[in-house]
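Enquirer: dropping a prediction and its sequence here:
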Amino acid sequence: MSLTPSAADKKARTLSEAMPYIQRFFDKTIVVKYGGNAMTDPALQESFARDVVLLKLVGMNPVVVHGGGPQINELLQKVGKKGEFIQGMRVTDEETMDVVEMVLGKVNKDIVNLINRHGGKAVGLTGQDGAFIRAEKMMLESKDEPGKMLDIGLVGEITKIDPAIITFLDSGDFIPVIAPIGVAPDGETLNINADVVAGKLAEVLNAEKLVLLTNTPGVLDKDGNLLSGLTPKNIDDLVADGTLSGGMLPKIGSALDAARSGVKSVHIIDGRVEHALLLEILTDEGVGTLIKSK
Ligand SMILES: Nc1ncnc2c1ncn2[C@@H]1O[C@H](COP(=O)(O)OP(=O)(O)O)[C@@H](O)[C@H]1O
Ligand SMILES: CC(=O)N[C@@H](CCC(=O)OP(=O)(O)O)C(=O)O
C-alpha cells in the first residue's frame, strides 16, 4: 500500500507522538475497566485486545477488569427473570448470583482468549482466586428515605484487595483479566459492580491511570454535551440535580475515589470508538471525561 505524502506524514507524526507517553508510562500500571456495554461489537473487541497487547509490549502493565451487565440481563431474561437495579447496583438473589457467575465466567474467558489470540498472555481471575478480593454484604442507603438501609441481596462491598497475585502476574509477561466477584468471610461469593473493583484495584496497585471504557462519549450534561473535566464539586452538583443516574453513579463514585486516593489520572471514555484506549494513553488527543481529585 502506498501512502500519499500527507497521509504518511500524519502516520509518522502519530507514531512519534507516542514516544513520550511510552517513556512516561514504562513499567507503570494502567487499570482498564472494560464495560459490558462497550464489548458488544466483535470488531471493537478485536481492537480492544490489540490495544491491551500493545500496551504490554511497550512495557506498561495493563490490568483489565471487565463488566458484563447487559450480558447478565440477557441470560436473566432467557430464564424468565428481570434485572433490577437500585442506584446502579444489581439486586442479586441466589438465582441471579448463579447467572452472574455463569455469565462473568464466560465473558472472562472470552476476553482471555481474545487477548491471547493477539499475542498476549492473559490470565483470567475472579476475586475468589487466592481470595484476593474480600467483601462483605452491602447495605445501600435509600435515596428517597435517608437513613433507611436497603438489602439488595448478594452484592459485595469490598473490604480488602490483596494485590500480590496481580503484581506477580504483572512482573511476568502476563495480563491479568479480572471478573468482579468477591468472597465473603464465610466463603460465599458476592456480586460487585465492576467499576468499583476497577477503582479499588487501581488504588491498591498505585496505578498511574484508571481508564473506564463505556458506551457514552464520557460524562454528559443535561443537554447531552460532553463534560471534558469534572471536579468533586461538579460531580456533587450533577448527582444532586439528577444529571448522573443509573450505571454512571457507581462509575463516577469509583472514579472519584481512585483520583482522591492517588491514581494520577482517571478517565471515562467511549469504548465504542475503535482504539479508544490507545488514543487515550499514547496520543495528545484528550478523549472523554477526566475526573479530577480537587
Ligand atoms: N450524565 C450521564 N452521562 C453519561 N452517561 C450517563 C449519565 N447518566 C447516566 N448515564 C448512563 O450510564 C451508562 C453507563 O453506565 P453502565 O450502563 O453501567 O455502563 P458500563 O457497562 O460501561 O459500566 C450510560 O450508558 C448512560 O445510560
Ligand atoms: C452489583 C452489580 O451491579 N454488579 C454488576 C457486575 C457486572 C458489571 O458491573 O457490569 P458492567 O460494568 O457492564 O455494568 C452486575 O451484576 O451487573
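Expert: Sure thing, it's come through. Ligands and ions are numbered 1, 2, ... in the order given.
Enquirer: buried residues in stretch 75-93?
Expert: The neighbour-count check on stretch 75-93 (16 or more other CB atoms under 10 Å) flags 75-76, 83, 85, 87-92 as buried. To be clear about C-beta, it is placed using only N, CA and C from the backbone, and glycine gets the same treatment.
Enquirer: ditto for stretch 226-244
Expert: 227, 230, 234-235, 238-239, 243-244.
Enquirer: now render the residues you listed as TSV, adding distance to ligand 2 and secondary structure.
Expert: Output for the buried residues of stretch 226-244, formatted as TSV (distance: CB to the nearest ligand atom, whole Å; DSSP: H, G, I helix; E, B strand; the rest coil):
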residue	distance to ligand 2	secondary structure
L227	20	strand
L230	19	strand
N234	23	helix
I235	19	helix
L238	19	helix
V239	18	helix
T243	19	coil
L244	15	coil
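Enquirer: make JSON lines from those residues and add distance to G59 to it.
Expert: Shown next, in JSON lines, are these (distance: CB to CB, whole Å):
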{"residue": "L227", "distance to G59": "32"}
{"residue": "L230", "distance to G59": "30"}
{"residue": "N234", "distance to G59": "34"}
{"residue": "I235", "distance to G59": "33"}
{"residue": "L238", "distance to G59": "37"}
{"residue": "V239", "distance to G59": "38"}
{"residue": "T243", "distance to G59": "39"}
{"residue": "L244", "distance to G59": "36"}
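Enquirer: residue ranges with poor pLDDT in this structure?
Expert: 1-3, 5 (pLDDT under 70).
Enquirer: number of residues surrounding M39?
Expert: 23 (other CB atoms under 10 Å).
Enquirer: please begin residue numbering at 50 from this point
Expert: Will do, 50 is the new start, and the previous item becomes M88.
Enquirer: excluding chain neighbours, what is closest to it?
Expert: Q94 (5.8 Å; CB to CB, 6 or more residues apart in numbering).
Enquirer: now find how far off-centre the helix or strand where the one you found lies is within its chain.
Expert: Q94 is part of helix 91-106, with elements assigned from DSSP states H and E. Offset of helix 91-106 from its chain centre (CA atoms, centre = their mean, to the nearest Å): 15 Å.
Enquirer: now do stretch 253-260
Expert: 11 Å.
Enquirer: likewise for stretch 102-117?
Expert: On CA atoms, centre = their mean, the centre of stretch 102-117 falls 11 Å from the chain's centre.
Enquirer: can you get me the start-to-end distance on that stretch?
Expert: Start-to-end span of stretch 102-117 (CA to CA, to the nearest Å) is 21 Å.
Enquirer: go on, stretch 208-227?
Expert: Span of stretch 208-227 from end to end, CA to CA: 17 Å.
Enquirer: centre of the chain to that stretch, how far?
Expert: For stretch 208-227, the distance to the chain centre is 15 Å (CA atoms, centre = their mean).
Enquirer: contacts for it?
Expert: Residues outside stretch 208-227 that contact it (CB atoms under 8 Å, 6 or more residues apart in numbering) are 78, 101-102, 105, 110-115, 157, 160-161, 164, 169-176, 178-185, 246, 249-250, 253-254.
Enquirer: ok so, going back, quick one: is the next helix or strand after the helix holding Q94 near ligand 1?
Expert: Per DSSP H and E, helix 91-106 leads on to strand 110-115 as the next helix or strand towards the C-terminus. No: Strand 110-115 lies apart from ligand 1 when judged by CB under 6 Å from any ligand atom; the minimum separation is 9.4 Å.
Enquirer: strand 110-115 pairs with which strands?
Expert: Strand pairing for strand 110-115, using DSSP bridges, gives strand 78-83 (parallel), strand 223-228 (parallel).
Enquirer: tabulate the ones you listed (JSON lines), appending distance to A56 and mean neighbour count.
Expert: Supplementary listing: the strands paired with strand 110-115 in JSON lines, determined by distance: least, CB to CB, whole Å; neighbours: other CB atoms under 10 Å:
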{"stretch": "strand 78-83", "distance to A56": "29", "mean neighbour count": "27"}
{"stretch": "strand 223-228", "distance to A56": "32", "mean neighbour count": "26"}
